[in-house]
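Participant: Next comes the sequence, and after it the predicted model I'd like to discuss.
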Amino acid sequence: MIQFQQVSKRYRGGFDALKNLSFEIPTGELVFLAGHSGAGKSTILKLVAGIERPTGGAVLVNGQNVGSMRRGSIPFVRRHIGLIFQDHKILFDRSVYDNVRLPLDIIGFESHEARRRVLAALDKVGLAGKEKLNPIALSGGEQQRLCIARAVVHRPAILLADEPTANLDRDYAHDILELFKSFHQVGVTLVISAHDETLMADYGRRILRLKNGQFTA
Amino acid sequence: MKNEFRQHWFAFRRTLAGMLRQPLTSLLNLLVIAIAAAFPLALWLVVTSLADVAGHLPVEPQITVFLRSSATPGEIQALRALEGSDTRIAKHRFVPKDEALKEMQQSSGFGDLLAGLPDNPLPDAIIFTAKENHAAGLEALQKELAAKPGVEEVQLDSAWARRLERLVALGRAVFQAVVALLATALVLITGNTIRMQILTRQEEIEVSKLIGATDAFIRRPFIHFAAAQGLLGGALASAIVWLALRWLNPAVRDLATAYGQQFELQSPGLQSLGVVCTATTLLCLVGAWLAVWRHLRRHL
């Protein structure tokens, strides 16, 4: 599903975020990305979603090289991916409902079906009944759940989560990870980054450990 | 196809809602566009109205010879015989002073005034039409005629008509320059309006792009907005010009009457409404497209 072939990423100014990185994540796997901040976790996720382009190597998603793809094709790759951002990127000028609905409007869902899906997604993450609120009225954990609902509402094949458990207490973080596990059980490929490895250890999944843009053993 | 339509409808509703959410800003934007469009429209109407008048005026070279009241029938006969003897003259018409008075009473607004005079103040006149229309040749002929016995004064009638023609030509050139300038201004104004809107909606654009929005999806609401503004601005411009002409035309009519002419400025018709609205809409679209393009090309 996701394949990195000798991928390097050098940011303008000469900082090497990734150095000659190769790995593969098969369809339906749940993988953790571990490492301190600046190790290259976010960069990997950005390369998969086509938010950044690699300076060397190939990033294959579903067999397509996202790294060298035409600008106009990238949106269609992103529609198969659900993104959960470290800074949530929630829009506070509209309701919880409209935030979750945005991906469906972008894809062009019919109104009735869109409404059904939005309410189902909010129910799934435990925000049922809060669709009319402005997101500013939600707690930090609830905002995180809103972000997850928006990422899964269009039922993507791949879910990328950048530090989804940062700033959450341990119980809440476990709830979130359980939620991800339920997506994994229905066949979604998940890549979850975190700097706190103790949490991942409980799940017995593959952990890719990064340090200075390279894998550590 | 249905999907495409739904997306447009979705964007259009948001555009309308956005315009209504800031009614004052939207109205001011509209006014700026309308005024920018009203100016060339008004100029165009003035120029075409004048050109219409110029077209009906005697552009053929006429020379009016006013005779002395002391001119003898022999002298008059000698002048009238020039039609056959002088090769530069095509034809002539003798206007006795009684006829001239009648004409003047009918065509100008001075009827009452003239009726109050004890006797006819006008001289007899002969109107010559020259064969050629060269300014230099006509002036030479004018001088020769002025030197003939019995002649009081000679006027080149076509001169002001030709001046008007040139004025119209100048008006057209000014119109073209104004159109070019204001068209550019309109593109820049809309571009800037859209740029401001992009800035206030930057977060929404960023998030939309991250979750799979195409450039067309991002562009759509702005394009709708610009098209609506252009269309309404063009209509408003026509309304402004129409009102202005209603207000101006009585004064123009009076002025024309004073020159013995029937004339008024044409109001904008359906055709010019169509042309103006199409032009403003297209220019606003260009401005919006450029603004969005400038923003989008900076990010993947």
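Facilitator: Arrived safely, thanks for sending.

Participant: Poorly predicted segments of the chain, please.
Facilitator: With no chain named, the answer covers chain A. Scanning chain A for pLDDT under 70 picks out A:217.

Participant: Chain B is the one I meant
Facilitator: B:1-4, B:54-59, B:107-111, B:133, B:135, B:158-161, B:299-300.

Participant: Contacts only, for the residue of it most remote from its centre.
Facilitator: Distance from the C-alpha centroid of chain B peaks at residue B:211, with 52.1 Å (C-alpha atoms, centre = their mean). Counting by C-beta atoms under 8 Å, 6 or more residues apart in numbering or on different chains, residue B:211 touches A:78, A:79, A:83, A:102, A:103, A:106, A:150, A:151. (Glycine included, C-beta is placed from N, CA and C.)

Participant: what ranges do the helices span in chain A?
Facilitator: A:41-48, A:74-78, A:96-107, A:111-124, A:140-152, A:170-185, A:197-201 (DSSP state H).

Participant: buried stuff in the fourth one?
Facilitator: Same thing as helix A:111-124. The neighbour-count check on helix A:111-124 (16 or more other C-beta atoms under 10 Å in any protein chain shown) flags A:114, A:117, A:118, A:119, A:121, A:122, A:124 as buried.

Participant: Out of these, the closest to residue B:228 would be?
Facilitator: Within those, the smallest distance to residue B:228 is 25.4 Å, found for residue A:114 (C-beta to C-beta).

Participant: With distance to residue B:279 as extra columns, can I get the helices of chain A in CSV?
Facilitator: Putting these into CSV (distance: least, C-beta to C-beta, whole Å) gives the following:
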stretch, distance to residue B:279
helix A:41-48, 44
helix A:74-78, 33
helix A:96-107, 33
helix A:111-124, 36
helix A:140-152, 42
helix A:170-185, 54
helix A:197-201, 63
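
Participant: Nearest to residue A:18, out of those helices?
Facilitator: When these are ranked by proximity to residue A:18 (C-beta to C-beta), helix A:41-48 comes first, at 5.6 Å.

Participant: helices or strands next to the closest one in the packing?
Facilitator: With contacts taken as 3 or more C-beta pairs under 8 Å, 6 or more residues apart in numbering or on different chains; DSSP states H and E, helix A:41-48 sits against strand A:2-10, strand A:16-25, strand A:30-34, strand A:56-61, strand A:158-162, strand A:189-194.

Participant: Swap in 7 Å and give it another go.
Facilitator: strand A:2-10, strand A:16-25, strand A:56-61, strand A:158-162, strand A:189-194 (3 or more C-beta pairs under 7 Å, 6 or more residues apart in numbering or on different chains; DSSP states H and E).

Participant: Near chain A, which residues of the stretch 101-250 of chain B? Just list them.
Facilitator: B:203, B:204, B:207, B:208, B:210, B:211, B:212, B:213, B:214, B:217 (C-beta under 7 Å from any C-beta of the partner chain).

Participant: now with 10 Å?
Facilitator: Taking C-beta under 10 Å from any C-beta of the partner chain as the criterion, the stretch 101-250 of chain B approaches chain A at residues B:200-201, B:203-204, B:206-218.

Participant: Please pick the buried ones from those.
Facilitator: B:201, B:204, B:207-215, B:217-218.

Participant: Need those residues in TSV (columns: distance to residue B:86 and secondary structure).
Facilitator: Below are these laid out as TSV (distance: C-beta to C-beta, whole Å; DSSP: H, G, I helix; E, B strand; the rest coil):
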residue	distance to residue B:86	secondary structure
B:201	80	coil
B:204	84	helix
B:207	88	helix
B:208	84	helix
B:209	84	helix
B:210	89	helix
B:211	90	coil
B:212	88	coil
B:213	83	coil
B:214	80	coil
B:215	77	helix
B:217	80	helix
B:218	78	helix
